[in-house]
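S.K.: Provided below for reference: sequence and predicted model.
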Amino acid sequence: MFRTQKISCTQIIPRSADIQKKSLIPGVVAAQDPRLTACNGGNSLNTCQSQFNTKMGFDQSLGVTKYQDLRSAIEKSFADYQALGLLNICEAYKEYQQCYTDGQFFACAQNPFGLLTATNNGGVQFTQDQANGYVKIWNQLDFVCGAGFSIFANAEDCGSAVFNNQTAAMRQCDNDFNVKAAADPNEACAYVEIAANCYFQLFWNACKKPEVAYWGCNYERTGTNLLYPQCSQIFCTFHERVI
């Protein structure tokens with residue numbers, strides 16, 4: 001008798017062709033919601049991003065327009081300092097959240113619509129790619145600093161190794177998702193699942209631990225689910241089966 005592990009990203013929704021079209025712009029499916037407000041670039045976004053960068057010792061140029069460099073700096077902290085790196089990022093993220101007032105955290109960091117309509121921003125207009133990429137980072141940190149924290153901390157050696165050695169592979173997972181979802185938005189939910197499984201495979205291959213593969217799957221899924229809320233029934237699972 002031996003145990004095998006089964007880990008997967010599960011989809012329990014109708015085919016995306018059956019889903020009502022929400023918007024031509026990914027991530028702005030609730031744009032008609034009156035609660036959505038524009039991000040105040042000068043008084044909220046820039047102030048809070050600067051605070052986060054200072055706390056972490058990051059270059060002050062990092063932010064929406066350089067979201068890829070911001071992601072790299074955050075993930076380098078995971079790679080270099082393991083669980084302590086997560087803790088430092090999570091403390092800075094908590095202060096980043098608390099920096100915002102009057103619903104501006106949602107407008108500036110939780111929905112691309114707020115960034116696409118940003119005001120008081122020195123004439124800078126963010127692109128869809130920048131808005132999506134920026135808010136994805138913070139939504140992933142909700143998982144990293146919440147349910148995912150202890151999982152990573154308990155396997156910090158192999159988890160950090162992925163961020164040391166597999167960043168190019170992770171970016172390839174991201175790029176494949178972005179290209180396919182943009183080309184065929186009606187099948188976005190299928191691509192959300194594929195992207196989550198792509199991360200799952202990277203962490204599984206590095207650690208051979210189901211809980212760490214689950215962490216990797218959710219790290220990607222929580223970011224893409226924010227941009228495609230119609231795909232919220234896609235989730236990561238693992239269980240052990242006795243044969």
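M.R.: On my side now, so go ahead. Residues are numbered from 1 along each chain as shown.
S.K.: Can you tell me how far Asn40 is from Pro112?
M.R.: To Pro112, Asn40 is 16 Å away according to C-beta to C-beta, to the nearest Å. (Each C-beta comes from the backbone N, C-alpha and C, glycine too.)
S.K.: swap in Leu36?
M.R.: Taking C-beta to C-beta, one finds Leu36 at 10 Å from Pro112.
S.K.: swap in Met56?
M.R.: 23 Å.
S.K.: okay, these two: which has more neighbours?
M.R.: Shown here are Met56 and Pro112; by other C-beta atoms under 10 Å, Pro112 has more neighbours (26 against 20).
S.K.: Regarding the closest residue to the more buried one other than its chain neighbours, what are the backbone dihedral angles?
M.R.: The spatially closest residue to Pro112, leaving aside those adjacent along the chain, is Ala131, at 3.6 Å (C-beta to C-beta, 6 or more residues apart in numbering). Backbone torsions for Ala131, taken as degrees, to the nearest 10, come to phi -60, psi -50.
S.K.: Give the burial count for Leu115, as a bare number.
M.R.: So Leu115, with other C-beta under 10 Å, has 27 neighbours.
S.K.: And for the one 3 residues further on?
M.R.: For Ala118, the neighbour count with other C-beta under 10 Å is 23.
S.K.: any idea how far it lies from Ala168?
M.R.: Applying C-beta to C-beta to Ala118 and Ala168 gives a distance of 31 Å.
S.K.: in the chain, which helix has the most residues?
M.R.: Longest helix of the chain, by residue count under DSSP state H: helix 67-99.
S.K.: Quick one: mean pLDDT over that one.
M.R.: Helix 67-99 shows a mean pLDDT of 98.
S.K.: Give me the next element, helix or strand, following it.
M.R.: The element immediately downstream of helix 67-99 (helix or strand, assigned by DSSP states H and E) is helix 104-109.
S.K.: So which elements touch that following helix?
M.R.: With contacts taken as 3 or more C-beta pairs under 8 Å, 6 or more residues apart in numbering; DSSP states H and E, helix 104-109 sits against helix 67-99, helix 112-116, helix 128-144.
S.K.: Tell me the spacing between the residue nearest to Pro112 and Ala38.
M.R.: Shown here: Ala131 relative to Ala38, a distance of 12 Å by C-beta to C-beta.
S.K.: the helices in this protein, which residues?
M.R.: Counting by DSSP H, the chain has these helices, from start to end: 46-56, 67-99, 104-109, 112-116, 128-144, 149-153, 156-165, 167-183, 188-207, 210-227.
S.K.: Those helices into a markdown table, with extra columns for distance to Gln233?
M.R.: Shown next, in a markdown table, are the helices of the chain (distance: least, C-beta to C-beta, whole Å):
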| stretch | distance to Gln233 |
| --- | --- |
| helix 46-56 | 32 |
| helix 67-99 | 26 |
| helix 104-109 | 23 |
| helix 112-116 | 21 |
| helix 128-144 | 17 |
| helix 149-153 | 22 |
| helix 156-165 | 27 |
| helix 167-183 | 17 |
| helix 188-207 | 8 |
| helix 210-227 | 10 |
